[in-house]
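Undergrad: return a 3D structure for these sequence lines:
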Amino acid sequence: MVAGLLLPPLVAAGLWYGVGDLTLQAQQSFRISWIAVGVLAATAIVLAFLAGSRLSPVASLLGGLAFTAIGVMPFVEMVSGVRLLPTDLLPAVFRNGFTTSAYSGLLIVVGVTLLVASLFPSRWRGPARDLAEPDEYESSWGSASPQSPYLPPRSGSEDATRPMYRE
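TA: Predicted coordinates for the structure are as follows:
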């Protein structure tokens, strides 16, 4: 849960700085800012960790909602004509990176990616139980439910999401 609050702002700051510095250096002196490339690479690693790891799915859900909301605002501004984004509060490099990534739709792509990554059922499922541990909920007769006589005996861990018995 803490990662859901800390990592998305770091991704946003890295993305905005990297894109902003890269475009400013390219426009002003026609050269590549290797610091910006490094920041973008580190940002991509953090974003991949947030989207694909076994962190709580709430982490990518919160970040995805924030990125999608911020990414939609420039398009709402264009349609309605009302200024919604306070871009004057950001320093020049971050402002340039924010406007470039927001008006190009990159923030929506990042937001929807994080939202879709949080929708997978395997992220919401808890860790697998150890079969050696006794069952907490035993029947009133003192033993666990018996194995069906029509199925082969169970061996190893069984995937609970499959509808049929596997050999």
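
Undergrad: chain center to the lengthiest helix in the chain: distance?
TA: Identified as the longest helix of the chain according to DSSP state H is helix 2-29. Chain-centre distance of helix 2-29: 17 Å, with CA atoms, centre = their mean, to the nearest Å.

Undergrad: just the buried residues of the helix or strand just after that helix, please?
TA: The helix or strand immediately downstream of helix 2-29 is helix 34-52, counting by DSSP states H and E. Neighbour counts using 16 or more other CB atoms under 10 Å place 36, 39-40, 43, 46-47, 50-51 of helix 34-52 among the buried residues. For every residue, glycine as well, the C-beta is placed using N, CA and C.

Undergrad: could you do stretch 77-97 as well?
TA: So stretch 77-97, judged by 16+ other CB under 10 Å, has buried residues 85, 90, 93-94, 96-97.

Undergrad: ok, residue 10 to residue 41 distance?
TA: Per CB to CB, to the nearest Å, residue 10 is found 14 Å from residue 41.

Undergrad: and the two most separated of the buried residues of stretch 77-97?
TA: 85 and 93 (16.6 Å; CB to CB).
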